[in-house]
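A.B. asks: Take a look and give me a structure for this.
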Amino acid sequence: MVGVASVLARRALMLAVAVIVIVLLTALILEATGYSTRVLKAIVDSYVKAYRQDISRTIRNETMVNELTEKYKLELEEIYGLNKPWYVRASTFVKNTLLMDFGITDREDIASIVGKAPPLRVSDVIATVIPRTVIMITVAEIICIAIALAIAPRLVYKIGSIADRAVVAYAAFTNALPIWWLAMLFILMFSYQLRVFPTDYRYIIAFIRDLSIDPITNFAQIIYYAALPIITVVIALLGGWLYGIRAQLIRVIREDFVFVAKAKGLPDPTITKKYIVRVAAPPIMTSIILALAGSIGGYIITESVFEWPGMGTLYYLAISGGEASIVMALTYVFTLIYVIARFILEALYIVLDPRIRIT
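C.D. replies: Numbering: from 1, shown residues only. A predicted model of the protein is given here:
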């Protein structure tokens, strides 16, 4: 146990250092390039312009208007840190990010996907939209993984069969098919023509928000609104999962110890469980854990097609609107999720392959 704890402690330290380095590099890119400064100046100028127009309606003295406007501008520059060097802002940025203090946003479009009025804490915005992406993307990934794990082990003994060729053809077809294009096709067919599913998915915000008020009705509505997005993602990703797990198992089934097990007369289910799946488990688990972690980041284009208020949509609005604090927050959150996934993998590796303890 001491050896296991030592290995996990070393891996945890390395991953923590990686998080700090990534946050530091992101802050340097945003601040040293002047991107953050330009965005903050644009924000300040918009506020100053609105303030000047507002006070001009009541104050006719142009000199006084200029003095008040300049005073207000200096106050805003101090609030946003524009009166400080970029490296000072970067250090503050890094410290606040590591402490999960992402600041406040007053953007109307970002508040609209949350379903609340601005201003909002950025951490609250992210915490609100993550479950929606989990409902759409992560659940679809889990369904694909479950189906692939059930079917792929049955294919390894039937390489070249009709079923195996069908899986390979399906994987090749879906891998070349953009998810967003499939999403548009399904919305056209099932939402507008057949009217089986809704045409506007933004209403799911209300059902998720009011889930505790009427759990049964709202949960049924959430399933109804999430059904088509989940079906779309499953159809698009299932082929890749089937082919990937099949490839991992085929690599193992050709090993000498599998032929020895067959020569001993062991039944195929026993060989599959104890000799093939067990050996292929580490790379398969790597794919599963990292895919689930990555799914939380959302799909920007696909979510836009469905008007789904998730992480992908939030990332798009943050980038297009120049919200550096939200971009930094999302980068940090994604990094944390990835690091946690990597740490889980390290622990699973030790369970699945004790030889790793000595590394």
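A.B. asks: Do a quick rundown of the helices in the stretch 251-359 of the chain.
C.D. replies: Per DSSP state H, counting those that start in this stretch, the stretch 251-359 of the chain has helices spanning 256-263, 268-271, 278-295, 300-306, 311-320, 324-352. These are given in chain order.
A.B. asks: Throw the ones you listed into TSV and include mean neighbour count, thanks.
C.D. replies: In this view, the C-beta of every residue, glycine as well, is placed from N, C-alpha and C. As requested, those are arranged in TSV below (neighbours: other CB atoms under 10 Å):
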stretch	mean neighbour count
helix 256-263	12
helix 268-271	14
helix 278-295	18
helix 300-306	21
helix 311-320	20
helix 324-352	19
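A.B. asks: wait, which of these is closest to Pro198?
C.D. replies: Using CB to CB as the criterion, the shortest distance between Pro198 and these is 9.8 Å, found for helix 300-306.
A.B. asks: contact partners of the closest one?
C.D. replies: By CB atoms under 8 Å, 6 or more residues apart in numbering, the residues outside helix 300-306 that reach it are 133, 136, 178-180, 183-184, 187, 201, 228-229, 232-233, 308-313, 315-316.
A.B. asks: before we move on, back to that, to Glu75, which of the helices of the stretch 251-359 of the chain lies closest?
C.D. replies: helix 324-352 (19.0 Å).
A.B. asks: now for the helices of the stretch 251-359 of the chain, which one comes closest to Tyr35?
C.D. replies: Relative to Tyr35, the nearest member of these by CB to CB is helix 324-352, separated by 6.9 Å.
A.B. asks: Please state the offset of the closest one from the chain centre?
C.D. replies: Taking the mean C-alpha point of helix 324-352 and that of its whole chain, the gap between them comes to 11 Å (CA atoms, centre = their mean, to the nearest Å).
A.B. asks: and the angle for that helix with helix 311-320?
C.D. replies: 140 degrees (axes from the mean of the first three to the mean of the last three CA atoms, to 10 degrees).
A.B. asks: who's in contact with Pro283?
C.D. replies: Applying CB under 8 Å, 6+ apart to Pro283 gives the contacts Gln248.
A.B. asks: Same question for the one 3 residues further on.
C.D. replies: Contact partners of Thr286, counting by CB under 8 Å, 6+ apart, are Leu345.
A.B. asks: Kindly recompute the last result at 10 Å.
C.D. replies: Shown here is Thr286, whose contacts under the criterion CB atoms under 10 Å, 6 or more residues apart in numbering are Gln248, Ala341, Arg342, Leu345, Leu348, Tyr349.
A.B. asks: Hmm, Met14 and the third one touching each other?
C.D. replies: Read that as Arg342. Yes. At 9.3 Å, Arg342 counts as touching Met14 under the criterion of CB atoms under 10 Å.
A.B. asks: any idea how far stretch 65-78 is from the chain center?
C.D. replies: Shown here is stretch 65-78, whose average C-alpha point lies 40 Å from the average C-alpha point of the whole chain (CA atoms, centre = their mean).
A.B. asks: Check stretch 13-20 too.
C.D. replies: 20 Å.
A.B. asks: got it, and stretch 255-268?
C.D. replies: Here the centre of mass of C-alpha atoms in stretch 255-268, compared against the chain's by CA atoms, centre = their mean, lies 42 Å away.
A.B. asks: what's the distance between Gln53 and Glu70?
C.D. replies: The spacing between Gln53 and Glu70, counted by CB to CB, to the nearest Å, is 15 Å.
A.B. asks: Right, I'll leave it there.
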